[in-house]
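[1] when you get a sec, could you give me coordinates for this:
(2 chains)
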Amino acid sequence: MRFARTPHVARKELAEAVAGGVFALMAAAMVVPLLLIVGYLVFMAWPVLGWEFIVDVPRRGMTDGGIWPAFVGTIYLVVLSLMVSAPIGVLAAVYLNEYAKDNWFNRVVNLAVINLAGVPSIVHALFGLGAFVYAARFGYSILAASLTLAIMTLPVIIASTREALASVPMSFREACWNVGATRWQTIRAVVLPNSISGILTGVILQVSRAAGETAPVMFTGAVFFKAVERGELFAYGLREQCMALSMHLYTLATQVPNVKEALPYATAVVLLGSVLLVNASAIALRVWLRGRKKW
Amino acid sequence: MSPEQAPDPAPAPRPQRPRWAVLGEQALEGLIRLSGMSAIVFVAAIFFFVLREAAPILVREEFSLAQFLFSTEWYPTSASNVRYGTLALTVGTLSVTGLAMLLAVPFGLGAAIYLSEFCSPRLRETLKIVIELLSAIPSVVWGFVGLTVMSKLIVRSTGAPVGVNVLNGGIILALISVPVIVSIGEDALKAVPDSYREAGLALGATRWQMVYRVLLPAARNGLLAAVLLGVGRAVGETMAVLMATGHAVHIPGGLLDSVRTLTANIAAELGEAPAGSDHYRVLFLTGTLLFLITFAVNLAADFVVRGIRRR
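    Residues are numbered from 1 along each chain as shown, chains lettered A, B, ... in the order given. You can find the predicted model right below:
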């Protein structure tokens, strides 16, 4: 037999249903803007969007044409910053996860990583200007800008590499130590091979972060306009200034009068599209990895 | 022990690794330790180099720190009456961040609770991916969205003369900081042992009763840390507020007033301030102030989290 619900139970169940519904709505409130924003940007950009838009150069005082110099400039900045931050970041994560004991010094290191991640991007820009552009005499250049980006994105690589290293079971290391391997031999033969895909995910995330940053490159090496041939791949030298996709979007949106309406939207779509694509590939890699994990 | 067993032969010398391998390994470990410390070096270097550019202004006689912090007059390029007061900018930062938190904290924590307690594992994975993508959107794209989409919406729905204002910046900042709050908040909820939940449910509590009587108090510190990190993210955000809040250096009277924040002010004026001028140094001083603010917020969040672990 079923008992009749007392008013108390009915009230309790109602509250449960309301709470569940409200929380679901709150979660949905995050999905909806993402879809709306992407949809609206693509809709507005549609008239000019295409391969031609990416490989063409800006024309008529940046009010027409494509985005090639900015696109290739962003690739330069990202690749160079990656070359600096990936090795330092991975090694730092190896230190924190494999070597560091739990003492005050390593707590300070941890705190420094957290704080490095929390420093505002404009402060990174000031640092890049003061340290690389002036103190190190690199001038406004790709070199200064990508070093600034490298330091800014370091915590991304450290955090995700640490996570990847920590997911390798302790017993793997112990087995290796027990056959007489040193700490580094264990890391090279057991820990790194078992976490390489996770580390790769972190590197991919760094790429997406670096590609989207504006403020740090705006004051250290990115310029409004730079003449580059259409589709030219080796467009810039290390000590030259370059255009960057993120800054190009800012310029088109706020500084250039009489821009063709679809142009800034299309720039936003290319920037957002590349960043989300890179991120999605990192996520796909992680999901695939979890599926074939053996432990 | 049988007497006829042959005595053990002399032990063979243990094979040694070649010297270069040992030295190479030591060098590599040194490199690893060095990289491990790099984070400290970089944080210190950031503070040092930003302060170094700002320092000369601190010893100038006509500059007063009290005026810098507590005056609302910001006339950096005035010919006769130069004033470097950042109070209006600080209030701008506070108003935009405050509004953003008013929106982001309930939504962020609600979504975190939904993710960790109410939804199916499959939906959870999907939502977490969406949140990750949301947090990957570059701030300049958010700024562009604020400048175009959001500002049109605000003008149309409120009749305000300009759409770039506190409301716009607050909404955009809320969207930027919500992913931080959700992902860290969810971690905090996940860290509560399942036995707590089971004890609550076994007493006949519904999930909602269990959440607000058991889970929220137990995860209090982690949730506070999530909110603090969200605040840190919002205070430091530059490009989005630069494009979405308008450019009025004054204390806002309402949601539909344009403001300028500390970060946006640096981004807007650094390009025009000649290197080494007072204006340039004051901008670096603002950067130092921002560094200290976010440092304090992050430190506080870390202490709060550490509080949980110790318990």
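
[2] same for the strand or helix carrying A:Asn194, what does it pack against?
    Using DSSP states H and E, A:Asn194 maps to helix A:192-212. Identification of packing neighbours for helix A:192-212 by 3 or more Cβ pairs under 8 Å, 6 or more residues apart in numbering or on different chains; DSSP states H and E yields helix A:68-94, helix A:142-166, helix A:245-254, helix A:262-291, helix B:121-136, helix B:139-145. Where you see a C-beta, it was placed from the backbone N, CA and C, and this is true even at glycine.

[3] all helices of the stretch 101-250 of chain B, in order?
    Secondary structure of the stretch 101-250 of chain B by DSSP state H, counting those that start in this stretch: the helices cover B:121-136, B:139-145, B:151-158, B:166-190, B:194-202, B:207-210, B:216-218, B:220-236, B:239-244.

[4] and of those helices, who's closest to chain A?
    helix B:220-236 (2.9 Å; Cβ to the nearest Cβ).

[5] returning to that earlier point: nearest to B:Ser95, of the helices of the stretch 101-250 of chain B?
    helix B:166-190 (5.4 Å; Cβ to Cβ).

[6] now the element after the longest helix along chain A, going C-ward?
    Taking DSSP state H as the criterion, chain A has its longest helix at helix A:7-45. Counting by DSSP H and E, the next helix or strand C-terminal to helix A:7-45 is helix A:51-55.

[7] what's the most buried one of the helices of the stretch 101-250 of chain B?
    helix B:239-244 (a mean of 31; mean count of other Cβ atoms under 10 Å in any protein chain shown).

[8] where in the chain is pLDDT low?
    Went with chain A since none was named. Residue ranges of chain A with pLDDT under 70: A:1-2, A:63, A:293-295.

[9] um, chain B though
    Using pLDDT under 70, chain B drops low at B:1-7, B:307-311.

[10] how deep is the closest residue in space to B:Gly85 that isn't next to it in sequence tucked in, by neighbour count?
    Nearest non-adjacent residue to B:Gly85, counting by Cβ to Cβ, 6 or more residues apart in numbering or on different chains: B:Ser71, 2.6 Å away. Residues lying near B:Ser71 (other Cβ atoms under 10 Å in any protein chain shown) number 15.

[11] other residues contacting stretch A:176-189?
    A:Val94, A:Glu98, A:Tyr99, A:Arg173, A:Val190, B:Glu25, B:Leu28, B:Glu29 (Cβ atoms under 8 Å, 6 or more residues apart in numbering or on different chains).

[12] between the two ends of that stretch, how far is it?
    Stretch A:176-189 has an end-to-end distance of 9 Å (criterion: Cα to Cα, to the nearest Å).

[13] list the buried residues in the helix holding A:Asn194.
    Neighbour-count burial for helix A:192-212 flags A:192, A:194-195, A:197-212 (criterion: 16 or more other Cβ atoms under 10 Å in any protein chain shown).

[14] following that helix in sequence, what is the next regular element?
    Following helix A:192-212 toward the C-terminus (DSSP H and E): helix A:215-218.

[15] show me what that following helix packs onto, helices and strands only.
    Secondary elements touching helix A:215-218 (3+ Cβ pairs under 8 Å, 6+ apart): helix A:121-128, helix A:142-166, helix A:245-254.

[16] nearest to B:Ile129, of these?
    That would be helix A:142-166 among the helices and strands packed on helix A:215-218, by Cβ to Cβ, at 15.4 Å.

[17] okay, buried residues for that closest one please.
    A:142-165.

[18] domains of chain A?
    Domain assignment for chain A by automatic domain parsing gives A:1-45, A:51-291.

[19] reformat those as CSV; add distance to B:Ser35.
    Formatted as CSV, the domains of chain A follow (distance: least, Cβ to Cβ, whole Å):
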stretch, distance to B:Ser35
domain A:1-45, 36
domain A:51-291, 4
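
[20] closest to B:Pro252 out of those?
    domain A:51-291 (20.7 Å).

[21] now render the helices and strands packed on helix A:192-212 as a markdown table, adding distance to B:Val259.
    Below are the helices and strands packed on helix A:192-212 laid out as a markdown table (distance: least, Cβ to Cβ, whole Å):
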| stretch | distance to B:Val259 |
| --- | --- |
| helix A:68-94 | 30 |
| helix A:142-166 | 26 |
| helix A:245-254 | 17 |
| helix A:262-291 | 24 |
| helix B:121-136 | 25 |
| helix B:139-145 | 15 |
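
[22] those helices: which one's closest to A:Asn110?
    Comparing the helices and strands packed on helix A:192-212 by Cβ to Cβ, helix A:142-166 comes nearest, at 9.8 Å.

[23] buried ones in the helix or strand just after the closest one?
    Next helix or strand after helix A:142-166 toward the C-terminus (DSSP H and E): helix A:170-178. Of all the residues in helix A:170-178, those buried under the rule 16+ other Cβ under 10 Å are A:Arg173, A:Cys176.
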